[in-house]
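Engineer: Kindly generate the corresponding structure for this input.
(2 chains)
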Amino acid sequence: MRFSKTFIKTLREAPKDETAKNGALLTRAGYIHKEMAGVYDYLPFGIRVIENIKAIIRDELNKIGCEEVLLSALQNPELWEKTGRFSDTEVDVWFKTELSAGGVLGLAPTHEEPLTNMLKTYVSSYKDLPLYIYQFQTKFRNELRAKSGILRGREFLMKDLYSFHTSEEDLDKFYNEVEKAYGRIFERLGIGDSTFETFASGGIFSKYSHEFQTFLPVGEDTVYYNKDKSIVLNEEVLNDEVLADLGVSRDELTETTAAEVGNIFKLKYKYSEPLGLKFADEKNEQKNVYMGCYGIGVSRLMGVIAEKFSDEKGLVWPEAIAPFKYHLIGIGAEGTKAAEEFYNKHEEMTLFDDRDLRPGEKFADAELIGIPFRVVISDKTLKDGMAEVTLRKSGETKLVKIEELEEL
RNA sequence: CUGGGUGUGGCGCAGUUGGUAGCGCGCGACUUUUGGGAAGUCGAGGCCGCUGGUUCAAGUCCAGUCACCCAGACCA
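Structural biologist: Predicted coordinates:
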């Protein structure tokens, strides 16, 4: 991408209402634009990061046999009334809207109901199961208070996966596979070291659910951990019974704050029963389908990673999700010409700062935007066929032959 | 929702005892610059969140309202 062709402009100062680090940096660097409290636009750099996060998640889910769909955001109340979840007392985050022809619709805060219902069309026998179906979808939740940049919004991007099984054992087996896949996903996203599977309250049908919590000072959740025993639990389940279950005592646990980036739930037949999703087993007996659901907050992840990897100069993206690999700058007539040539060969992975600015401004923006490799080709370095490469993460600078840049 | 705070050009801010807006950055043109956010000259851009009121006169005072931020409560 040519910087001169985008509409993006970096800001020296963050807007006053962006006090959270993630919101401030992502706004200054041109990744997001705030529409209103808890509602953001994703700009060209921003959607590249989002798409990179999605690609990693998609890759790992496809590997364990999941199929991708895209369900509707508008919801039919009749469906949700069957599970009792259209009620504002039951689910207090609904955005509801009226049809001009009369009647009410909801904007989906989650998708158990529509997917479960939809599958009645396609599932009738044990031979049709199991199924693992996921989507990346914008969720709408009428939060009492949006806050912390893109960490808690009213409209946000989420990956939600639902699994459908003939038995509890099969659900358990897949649940474990998802646990492992999530571990790989957070590892690849660069937050494996600080993201932990955490015991949380399980709802009606199982004792626990699991959250994936990334330790983070501005995280909203309080968790307790014991590194030696590899135990992390949400404060909501910090009680004597749970401590006994897990074999730890209160004084062996350390408190910290964390951001929930994913969660996994065993739903069993909580939704399949009221919605009537059944299958015929080998004996031709009708049974409820067992279900699980598994979420990852995609836009929140972008905020968590921005928050976690940044310094006083700006963002520091992990290479796997950076919007570009190279931040290319040409200096001098010959250097600029050589930069153009490099850009023409590597357009897709390069942000070419071809704006008519002095080098200092371009360097400052490179640090703010946080692309892993800053590549400077100048008349000086060009004499030896070299480019200067600066690693955003460490600040380390080295000279690299231009034709060897792609090996970085 | 409770408490606190803030709304003035794209962004950050100032605006004294009420007299119809100013600074920095950014933006446009020209000139000189060109490896760490350049300099000069000229210029464009705001009715001061919104509504109502007081007054000869309101960004400045009063009332109401909306929005945004922080803390808390809440988070299927």
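Engineer: Which helix or which strand is home to residue A:366?
Structural biologist: Residue A:366 belongs to helix A:359-369 when assigned by DSSP states H and E.
Engineer: mean confidence for that helix?
Structural biologist: For helix A:359-369, the mean per-residue pLDDT is 97.
Engineer: That helix packs against which elements?
Structural biologist: strand A:314-315, strand A:326-331, strand A:373-378 (3 or more C-beta pairs under 8 Å, 6 or more residues apart in numbering; DSSP states H and E). For every residue, glycine as well, the C-beta is placed using N, CA and C.
Engineer: Tabulate the ones you listed in JSON lines, adding columns for mean neighbour count and mean pLDDT.
Structural biologist: JSON lines is the format used below for those (neighbours: other C-beta atoms under 10 Å; pLDDT from 0 to 100):
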{"stretch": "strand A:314-315", "mean neighbour count": "23", "mean pLDDT": "98"}
{"stretch": "strand A:326-331", "mean neighbour count": "26", "mean pLDDT": "97"}
{"stretch": "strand A:373-378", "mean neighbour count": "24", "mean pLDDT": "98"}
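Engineer: so where is chain A shaky, pLDDT-wise?
Structural biologist: A:203-205 (pLDDT under 70).
Engineer: The helix holding residue A:366 near RNA strand B anywhere?
Structural biologist: Yes - shown here: helix A:359-369 in contact with RNA strand B (C-beta under 7 Å from any atom of the strand) through A:359-361, A:363-365, A:367-368.
Engineer: Please identify which pair of those lies farthest apart.
Structural biologist: Pairwise distances across the residues of helix A:359-369 next to RNA strand B peak at 14.8 Å for A:359 and A:368 (criterion: C-beta to C-beta).
Engineer: Can you pick out the residue with more neighbours from these two?
Structural biologist: residue A:368 (18 against 14; other C-beta atoms under 10 Å).
Engineer: That one and residue A:315 touch, don't they?
Structural biologist: Yes - assessed by C-beta atoms under 8 Å, residue A:368 is found in contact with residue A:315 at 6.8 Å.
Engineer: shared neighbours of those two, anything?
Structural biologist: Shared contacts of residue A:368 and residue A:315, defined by C-beta atoms under 8 Å, 6 or more residues apart in numbering, are found at A:25, A:29.
Engineer: what about the closest residue to RNA strand B within the stretch 151-300 of chain A, neighbour count?
Structural biologist: In the stretch 151-300 of chain A, no residue comes nearer to RNA strand B than residue A:220, which is 5.6 Å away by C-beta to the nearest atom of the strand. By the criterion of other C-beta under 10 Å, residue A:220 has 13 neighbours.
Engineer: repeat for residue A:191
Structural biologist: Residue A:191 has 22 neighbours, counted by other C-beta under 10 Å.
Engineer: List phi and psi for it.
Structural biologist: The phi/psi pair for residue A:191 (degrees, to the nearest 10) reads phi -120, psi 20.
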